[in-house]
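Student: Got a predicted structure plus its sequence, pasted below:
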Amino acid sequence: MSALMGEENYDLAKVLDAGFRLQPAAFRRLSPEGVTLDSEAGRKVLRVAPESLTRLANEAFRDVNFFLRRDHLAGWERIWRTTRLRP
């Protein structure tokens, strides 16, 4: 765990000032079926059905299995090594 994460008042600006830049990311929207926004005791509560969590977990494992497969990572390693050697 980094020192920044352990701080009570975590400040994203400190991370960005350290040279890290957030990159825009494309996200895939899953079906909102089984997800509702309710109000309880004056507060908004997000309710997620167990089936929706199962669907989310299945999608996550499918993506991880794709992106972390050996040949995919080897391709990225080749790109990284060749671009690292360029001036």
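Tutor: Alright, I've got the coordinates.

Student: for the helix ranked longest in the chain, packing partners?
Tutor: Of all the elements of type helix in the chain, the one with the most residues (DSSP state H) is helix 50-67. For helix 50-67, not one helix or strand is in contact under the criterion 3 or more CB pairs under 8 Å, 6 or more residues apart in numbering; DSSP states H and E. From N, CA and C alone the C-beta is placed, and that goes for glycine too.

Student: From the rest of the structure, what touches that helix?
Tutor: Contact with helix 50-67 is made by 28, 30-31, 33-35, 72, as judged by CB atoms under 8 Å, 6 or more residues apart in numbering.

Student: roughly how far is stretch 64-81 from the heart of the chain?
Tutor: Distance, stretch centre to chain centre, for stretch 64-81: 18 Å (CA atoms, centre = their mean, to the nearest Å).

Student: residues of it that come out buried?
Tutor: Within stretch 64-81, no residue is scored as buried using 16 or more other CB atoms under 10 Å.

Student: Going forward, the N-terminal residue is numbered 120.
Tutor: That works, and once the first residue is 120, the last one we named lands at stretch 183-200.

Student: Quick check: mean pLDDT of that stretch?
Tutor: Stretch 183-200 carries an average pLDDT of 86.
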